[in-house]
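> When you get a sec, could you give me coordinates for this:
(chains A, B, C and D)
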Protein chains: 4
Amino acid sequence: MSDHTASKIPVAVLGATGTVGQKFVRLLADHPWFEIAVVAASPASAGRRYGDVVRWREAVEIPPRIADLTLEESHPPLPGRIVFSALDAEVAGPIEQAFAAAGAYVVTNTRTHRMDADVPLLIPEANAEHMALVDRQQRERGWTGAILANPNCSTAALVLALAPLHQAYGIERLFVSTMQATSGAGYPGVASLDILGNVVPHIGGEEEKIERESRKILGTIGHDGVTPADFRVSAHTNRVAVIDGHLETVSVGFRRAVSPDEAMETLRGFTGSPCVAGLPSSPHPPVEVDTRPDRPQPRLDLDRGRGMAVTVGRVRPCPILDLRMVILGHNTIRGAAGQAVQIAELLVAERRVERP
Amino acid sequence: MSDHTASKIPVAVLGATGTVGQKFVRLLADHPWFEIAVVAASPASAGRRYGDVVRWREAVEIPPRIADLTLEESHPPLPGRIVFSALDAEVAGPIEQAFAAAGAYVVTNTRTHRMDADVPLLIPEANAEHMALVDRQQRERGWTGAILANPNCSTAALVLALAPLHQAYGIERLFVSTMQATSGAGYPGVASLDILGNVVPHIGGEEEKIERESRKILGTIGHDGVTPADFRVSAHTNRVAVIDGHLETVSVGFRRAVSPDEAMETLRGFTGSPCVAGLPSSPHPPVEVDTRPDRPQPRLDLDRGRGMAVTVGRVRPCPILDLRMVILGHNTIRGAAGQAVQIAELLVAERRVERP
Amino acid sequence: MSDHTASKIPVAVLGATGTVGQKFVRLLADHPWFEIAVVAASPASAGRRYGDVVRWREAVEIPPRIADLTLEESHPPLPGRIVFSALDAEVAGPIEQAFAAAGAYVVTNTRTHRMDADVPLLIPEANAEHMALVDRQQRERGWTGAILANPNCSTAALVLALAPLHQAYGIERLFVSTMQATSGAGYPGVASLDILGNVVPHIGGEEEKIERESRKILGTIGHDGVTPADFRVSAHTNRVAVIDGHLETVSVGFRRAVSPDEAMETLRGFTGSPCVAGLPSSPHPPVEVDTRPDRPQPRLDLDRGRGMAVTVGRVRPCPILDLRMVILGHNTIRGAAGQAVQIAELLVAERRVERP
Amino acid sequence: MSDHTASKIPVAVLGATGTVGQKFVRLLADHPWFEIAVVAASPASAGRRYGDVVRWREAVEIPPRIADLTLEESHPPLPGRIVFSALDAEVAGPIEQAFAAAGAYVVTNTRTHRMDADVPLLIPEANAEHMALVDRQQRERGWTGAILANPNCSTAALVLALAPLHQAYGIERLFVSTMQATSGAGYPGVASLDILGNVVPHIGGEEEKIERESRKILGTIGHDGVTPADFRVSAHTNRVAVIDGHLETVSVGFRRAVSPDEAMETLRGFTGSPCVAGLPSSPHPPVEVDTRPDRPQPRLDLDRGRGMAVTVGRVRPCPILDLRMVILGHNTIRGAAGQAVQIAELLVAERRVERP
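Residues are numbered from 1 along each chain as shown, chains lettered A, B, ... in the order given. The predicted structure is shown next:
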């Protein structure tokens, strides 16, 4: 535990030694608002120096101050009101609930609570207004904190790109076939013998997550919570030999006819709410449109908006639905740690968490 | 030019030094009916020893007898009535026509003549009856030979797998998103800098070929030629870091409701006509159904039926159309040279070409 | 346990569900002399059907007869006198000893006993005479069976290729830098995040194994056992993004000057003893010399001799020692299961194990 | 041609559309001293907009100001006295000479002039004093400009890492086996069919370059030019499936015994001359020592010092020579464009080129 800088908000990272945990550490190392006060891991690692335990896999050096932190156990209280959770789904439930009950805002990348009726499932540019579920959650559960969830990684890229089109034209039917990076499965995750020179046309539970989460995220919030958006989704998910970056081919049908040019204009004009656009992690623009015939590509286009922007390319007519397109998003930044940080920023911008 | 074995049918291979040409050489080296009498290439190479010119990329050694053949120029007459063409599309047209006019049956892997109204576009198990177009072609063009075309590689796998379902239930709408191997682009073809750790969501002209050729292959032949099948196709084509094997995720809607079990039963029962099933290159069965949750995969399932069978897996309901599934085919065997050899075998079985 | 064919020698495979165990199953499925009578695995799997337990990763279908076998526990007695061990090094020691004490010839791919003074470390073409250690082992340990070891995978390819040169010219100094396939680490083994688009310049314990085992294999057997060959080895080992096939760059100095042509002539003339050359698994020739400037390559040359031959290329002068060259071997066939089967064949050829 | 910023030095980039040319454009886009005034290419492209001609493959967007430049032909005069050459070796010779004769300092990444007796072959931290060859070159050739050469990419990383050891202990013998990225071959360069899941143990001319260039770079400059360092080099070069980053395993013998600790201390203390250390592109330190057992790795360590530092790991005794180690360098930054920019900076620091 470190003495935090007076002017920054202390935060904790649960599951800090895993792949997503490392990404949190990297992204928070120089954050203008937040400062890591605590890194926590399993009881087996608690009490040891972070830098000695973590098998650091980021391509930049581990931030020295964080490397020197002593790992804590994952139970409250920990300093600060913002907790980032990169816990395994197997253990996340009770731990995250305990923190929320103890007054922390838990921004979780884990699937456990995503579909809970009173847990907002957030892509800030797309559905910041779902944050209102926090009030219901606190009221009904008697908590002073809350749990806020980040969508599944392939859903995050897909829905951010489609949100402006849904708002403008109303999605009715959606086909998506993904080509997902191996970092989405964590470390060690996908065995090299399974993916070198190969494609695996199956990712456990992923298709259901896309179909379910996309409707909740694009749903309408009212007094009774979120009414899921009324469209049908058919997902095919595949793992490919790529380190980072989920590429998705999409066909989509709307409530009214939409031309490629009209759709691209809508995407280009999309900014998210001013409140969200002003967050430190928000990219400008959130959705980039690329008109080159063979783009986007993971290797060339992944880092746009420092990994927080999604890129849409090949917008063209679909012989069956209205439009075909290709969507690329960074699965461990926009699809995981980066967006979780952005959600925490939104908590601050909405003054749910006070600055020092 | 070699003295051919008395009991075998002499054949020529045009474009014999390229990737598909090499696959022809490999597949024909031990063929029970055919024997390579001639390998031909561009004028620049003609007169030189095949083994000295070819940059052989197959994982078995070049057949010594073929290595010793002298490359011929690509114009008629050449010995034998069967000519396999692996020519570049840029030059194929007039050369293939000259051979057909001179009495040869030209089985071509090139796109040039595929959509000609009098050229059969053949997947023998699926549409052997389209061979009748040869009669019209010979009659109208005044040729004693003919041109017969092999479909585009991603189309071949797709349509072979779907043919039994179309015959049984009638396809109405078809989504396909492909993940295609780099060998489909020939050699040198795809640059390593473009595909290592990457996906390229574009293959020039490929989507149009799938959409157009699939309807012709599954069309109905009548007095006026082939009436294309009446379904709509929406294709997304992608290049992935795989050497051989096109994997395709498919959603398909039929004229009547079909359950996954029913579809799998239909696929398992598919054999093609007895005439086709008896050809040396025909696999048994032509369509393999795999019920394991993460199959088929290029690395594990590509060589079924010596590369001539396609594998269908993950047959499951589609939330929008009737069924989702995954299809795998060997792009340079079923999708190119292997099927061209099978088409030539069909010419022999139908006695359009006589055995010695 | 199956009723074995009367004319074949029943064998058992320990660790049958792992990567090397699967390779044993594949290689033994059609073996002319041997027939798998037993597949054994950990107690947790014993009693279950092999086909239900194994996560089969070979690119051909699992042999149906073996799939139907019930997994046994790994302790004696099991039917037959030949036991192939693909056990983890952590558990192999006492199990293999128990089988040998109970009368079985245990041909092991595990490192545990390789350097035992009375255990032969065999590459049949190179040092079949080391088999005599079995007599000493049986005498000193009071066993009726014995343990025979297969070298480490990168050592096997290296030493088979160098054996003829050592016999002819006497190696004094040897540099080797390897580029090893991920299958050498088993399954799941190397994480895709570690190797996609990457090289890992470290394989735990591998350099020491190469340095130590190569001297034992090429050592001289006498009354007191094996006197290691008197040369120095400097090894650098690296993991690369290849599925199968270890490629090794080598500089080697001999007791007398040797030209590239002379060395290639020696390699080409190498056959191993007539007894070894007549074994079903022995390739002809065991060492192939390739003079093309960019060969051997894993993707193109790995399957020579059905994975049992090694290929040597780029034999050229070394500015420091005598010769430079490149060596390729199949790490899971010549470097593991294939050579273990060959060692068992040698036991039969020498009548240490009787045929039925 | 653009109006350049008054305070910056205008530079030209020849071969600006190729892989190395693009890297020049990227590195110079925000350079504190230089500003691209001219991009030049083949006559076929001259007169067209750079952004319309280049097939931009960098993972950041093309700098808009450069994209809008009109491509010039590659002959003098062009504005400014510094010319970066990324020309093909086939055409570089007369063009580079013409520019030097016309008064330009041509910093070339091409091999053509590297071994010319009066052309300095520079790694600034290692041999900045070789810059004195420029005086001889100008005197003897009657030029007011000069040609300065960047070493071959695998040589650059190797020699920068070894320079401090050579200065301290005197290299006698050097083995190096490389695993080189495909970007070293330019675009399209290595075909994907050659390198996916493969290693190619041959790079044309590369071994000779390493052996020759390393001795020149580490040679001693005197009145008669550079006396090559007196050590022997044995190089093995391999291409692996990596995009960027050459990894090299090295065994090295010195004139006196050196322990790993001593060598690491020497490497850590290395800074290059104060003049070089102060250049904008110079990394601090130029050679990083990593003591983790499995480092350096291309994917994790390539960007140290913004691609200008080399990393040395696994420094350990060698059973034959003194030390073994692993060296990693960025082949298109330290091994090409980045170091060429650093050489040009040295020209400015030495006041051979005046600032505006």
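
> ok so residue A:139 is a helix residue?
Yes - secondary structure of residue A:139 (DSSP: H, G, I helix; E, B strand; the rest coil): part of a helix.

> what about stretch A:149-157 and chain C, touching?
No - applying Cβ under 8 Å from any Cβ of the partner chain, one finds stretch A:149-157 out of contact with chain C, separated by at least 14.7 Å. C-betas here are computed from N, CA, C, even on glycine.

> Touching that stretch from outside, list them.
A:107-111, A:113-114, A:116, A:119-123, A:159, A:178, A:180, A:184, A:206, A:209-210, A:213-214, A:217, A:237, A:246, A:248, A:310, A:327-332, A:334-336, A:339-340, A:343 (Cβ atoms under 8 Å, 6 or more residues apart in numbering or on different chains).

> Just the endpoints, please. Distance across that stretch?
15 Å (Cα to Cα, to the nearest Å).

> any low-confidence regions in the stretch 1-150 of chain A?
For the stretch 1-150 of chain A, the stretches with pLDDT under 70 are A:1-6.

> what does it have sitting close to chain D?
Residues of the stretch 1-150 of chain A lying near chain D (Cβ under 8 Å from any Cβ): A:57-60.

> Try it again at 10 Å.
Contact residues, the stretch 1-150 of chain A versus chain D (Cβ under 10 Å from any Cβ of the partner chain): A:56-61.

> count of neighbours near whichever residue of the stretch 51-200 of chain A sits closest to chain B?
In the stretch 51-200 of chain A, the residue that lies nearest chain B is residue A:177 (3.5 Å; Cβ to the nearest Cβ). Counted with other Cβ atoms under 10 Å in any protein chain shown, the neighbours of residue A:177 add up to 28.

> hang on, it in a helix?
No - Residue A:177 is assigned strand when assessed by three-state DSSP, not a helix.

> contacting residues for it?
Residues in contact with residue A:177 (Cβ atoms under 10 Å, 6 or more residues apart in numbering or on different chains) are A:201, A:234-238, A:247-251, B:175-179, B:236, B:238, B:248-251, B:324, B:326.

> Can you give the strand pairings for the helix or strand hosting residue A:316, parallel or anti for each?
Here residue A:316, judged by DSSP states H and E, is contained in strand A:310-317. Strand A:310-317 pairs in its sheet with strand A:287-290 (parallel), strand A:323-329 (antiparallel), by DSSP bridges.

> Could you export the ones you listed as JSON lines, including mean pLDDT and mean neighbour count?
Listed next are the strands paired with strand A:310-317 as JSON lines, based on pLDDT from 0 to 100; neighbours: other Cβ atoms under 10 Å in any protein chain shown:
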{"stretch": "strand A:287-290", "mean pLDDT": "98", "mean neighbour count": "22"}
{"stretch": "strand A:323-329", "mean pLDDT": "98", "mean neighbour count": "27"}
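
> Mind putting those into a markdown table with distance to residue C:46?
Output for the strands paired with strand A:310-317, formatted as a markdown table (distance: least, Cβ to Cβ, whole Å):
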| stretch | distance to residue C:46 |
| --- | --- |
| strand A:287-290 | 56 |
| strand A:323-329 | 46 |
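
> what about residue A:19, neighbour count?
Neighbour number of residue A:19 under other Cβ under 10 Å is 22.

> still on that earlier bit, just the contacts of residue A:177: which are in strands?
Applying DSSP state E to the contacts of residue A:177, the entries found in strands are A:234-236, A:247-251, B:175-179, B:236, B:248-251, B:324, B:326.

> near chain C, which residues of the stretch 201-350 of chain A?
A:239, A:241-244, A:299.

> and which of the residues you listed is nearest to residue D:49?
Set against residue D:49, the nearest of these by Cβ to Cβ is residue A:299 (24.9 Å).

> what's in contact with the helix or strand hosting the closest one?
Residue A:299 belongs to helix A:298-301 when assigned by DSSP H and E. Helix A:298-301 is contacted by residues A:179, A:181, A:240, A:242-247, A:288, A:290, A:292, A:294-295, A:309-311, A:313, A:328-331, B:193-201, C:197, D:56-61, D:243 when judged by Cβ under 10 Å, 6+ apart.
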